[in-house]
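**Q** I would like the atomic coordinates for the input below:
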Amino acid sequence: MDGLRLGDVIDDYCVKCRRMTNHAVVSILEKAAAKVRCRTCYHDHDYRHETAPPTKKELKQAELYKQVLAGVSSAPEGGEETGILPEETAAGEANGVEEPVAELKKRAKKTSK
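**A** Modelled structure (predicted):
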């Protein structure tokens with residue numbers, strides 16, 4: 001007798017318990033477990049092949065990673081990128097960065113007095 005039988009106990013991830021628990025085989029399809037029942041909470045679900053679903057944190061990291069890759073691949077191909085900013089941009093004059101920084105410093109001095 002090879003393979004699984006109904007009622008056999010196997011390990012699987014239970015989404016209700018949120019951990020790996022013992023499960024009883026409830027349904028078999030093509031000599032493999034299709035549905036299982038958790039022996040702790042008695043919740044029936046599809047057999048997940050002992051893999052936990054990704055956490056919300058992992059999903060968010062994957063989405064951010066895809067966004068970064070999309071930004072990198074859409075970089076202009078016009079020439080060689082040196083990574084050096086023009087002098088006026090680096091100094092902040094072209095973008096008007098120096099003025100807000102000076103204003104913030106003045107506000108900080110006034111509030112600290």
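**Q** Let me see the ranges of the helices in this structure.
**A** Secondary structure of the chain (DSSP state H): helices located at 56-73, 87-91, 98-112.
**Q** any idea which of those scores lowest on pLDDT?
**A** Mean pLDDT per stretch puts helix 87-91 lowest among the helices of the chain, at a mean of 48.
**Q** for this protein, longest strand please?
**A** Using DSSP state E, we find that the single longest strand of the chain is strand 19-29.
**Q** What helices and strands are in contact with it?
**A** Counting by 3 or more C-beta pairs under 8 Å, 6 or more residues apart in numbering; DSSP states H and E, the packing neighbours recorded for strand 19-29 are strand 9-14, strand 32-38. C-beta coordinates here come from the backbone N, C-alpha and C atoms, glycine included.
**Q** And the contacts of it?
**A** Strand 19-29 has contacts (C-beta atoms under 8 Å, 6 or more residues apart in numbering) with 3-14, 33-40, 44, 47, 50, 52.
**Q** which of those residues are buried?
**A** Buried members of the contacts of strand 19-29, scored by 16 or more other C-beta atoms under 10 Å, are 12-14, 33, 36-38, 47.
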